[in-house]
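>>> Let's see this in three dimensions:
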Amino acid sequence: LIAAASRALPPSQQLLLGASVALSAVAAFACSRLIESQQTREMFLSAGIRGIDLNKATTQRDTAGNLVRPISGVPIPEAQGMVTAAVYVLALAVFIPFACAGFQAAEGSGAPFPHERLSEFLAALLSIMLAAFLGFADDVLDLRWRHKIPLPLFANLPLLLVYGASGGLTGVAVPLQLQPLLGPYLELSLLFYVFLLALALLATHAINILAGVNGLEVGQSVVLAAAVATLNAVQLLRTAADADAAEYQRHQVASLLLVLPFLGVSLALMRLNWFPSRVFVGDTYAYFAGGFLAAVAIVGLAAETVLVHLTQLSHPPGSYADVSRAPPSADVSAAARRSSAARALLAAFAAAASLSARHFCLRSYGVGGAIAVLSLSLSPGVSSKL
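Numbering: from 1, shown residues only. Alright, predicted model coming up:
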């Protein structure tokens, strides 16, 4: 789909996307080798950044199958999202000269350099890097929830400031079904920035609350990033014949330049975080992925894509119990109590619906998928103001 969309672009933009794909493959390989290396593993373990997988056979249990406390088992490196984020940031740093050449070629020979496009790209990179840094601080310092909740707001401020200074749109395109009532475009003014900050907050913590199940955090981030890339490609195909949509297409290309390397490094991490997990992603990856999704929503002029996170609101509370990792400390009773309470709550919801817990979870995923499909079907494409 991306290849088909690139054929509708000028040759300079095709080369730009091709370079991004190649760099994404290199980043995926580098990320995989770094995380798998024994030196990286020993570095995190010696620093005490480790956890124990409660579901592994190597975790000590009594004859009845219950966990023995204090928890003992094979230590697993945690916060490997920091390695992933570092490779991603370095890959985009290497890509900056290609981006500059592509941005200039898109403007045409003799035209002034589009500094606002480069500023937006660098601001997006800075916001993602700040989000990853704050996530690593959370992993190391174990911040309280009342402190960690507002952190994503500060991480995305650089991108929002550059977006506002460059004259970015402060409204939303209205779905086709509502255009007879609201028109094709709804101006929100300052409320639009409040909306974007709220999306940044939602994107980060919607991923973070899923922590504890092997492959779930990075897996859903890969699915969401693939959905954003698909939306970018579809929008490029839909506007290929529209001469007035050149600026909109450039935003879609800029979004793809951020998405493709993220998919590369995240797939490399997911392979190692999948059950049975060899590494844990930590809060670092949740912040990194949330900051990334907020950035591509702003850069790609498609903030509604982050609303796909709302599908998680249809999941039953407690369906993502903290059952796959434990801190290396001797006292893990709080995590165990959360796990037991979550399972009991899930069973209560399932019993109320006359379903097994397994089928209740599957049903909730179906409802979430239906909401995601509905949100994409209501997408109006390019508004007249674009």
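>>> what comes up buried for stretch 40-56?
Buried residues in stretch 40-56, counting neighbours by 16 or more other Cβ atoms under 10 Å, are found at T40, R41, F44, I49, R50, G51, I52, D53, L54. Every residue, glycine included, has its C-beta placed from N, CA and C.
>>> what's the third one in contact with, if anything?
Counting by Cβ atoms under 8 Å, 6 or more residues apart in numbering, F44 touches R50, P77, E78, A79, Q80.
>>> Same question for Q104.
A111, F113, P114.
>>> let's see it at 6 Å
Applying Cβ atoms under 6 Å, 6 or more residues apart in numbering to Q104 gives the contacts F113.
>>> which SSE is it in?
For Q104, the element it lies in under DSSP states H and E is helix 81-107.
>>> just how off-centre is whatever helix or strand comes next after that helix within its chain?
Later in the chain than helix 81-107, the nearest helix or strand by DSSP H and E is helix 115-141. How far helix 115-141 lies from its chain's middle: 13 Å, per Cα atoms, centre = their mean, to the nearest Å.
>>> Does T58 fall in a helix, a strand, or a coil region?
Here T58 is coil, with the state taken from DSSP: H, G, I helix; E, B strand; the rest coil.
>>> The protein: strands as residue ranges?
50-52, 75-77, 171-173, 185-187 (DSSP state E).
>>> taking the mean pLDDT, what do you get for the second one?
Computed over strand 75-77, the mean pLDDT rounds to 91.
>>> so where's the chain shaky on pLDDT?
By pLDDT under 70, the low-scoring segments of the chain are 303-386.
>>> tell me the centre residue of it?
Geometric centre of the chain, nearest residue: A289, 3.1 Å, by Cα atoms, centre = their mean.
>>> correct me, but it touches I207?
Yes. Using Cβ atoms under 6 Å, A289 makes contact with I207 at a distance of 5.3 Å.
>>> what touches both of the two?
Counting by Cβ under 6 Å, 6+ apart, nothing touches both A289 and I207.
>>> and the residue located most distally from the centre of the chain, backbone torsions?
Within the chain, the residue lying farthest from the chain centre (Cα atoms, centre = their mean) is T63, at 41.2 Å. Backbone torsions of T63, given as degrees, to the nearest 10, read phi -70, psi -20.
>>> residues in contact with it?
Not one residue lies near T63 by Cβ under 6 Å, 6+ apart.
>>> Contacts for stretch 27-41, please.
P77, Q80, V83, T84, V87, A91, P261, G264, V265, A268, L272, V279.
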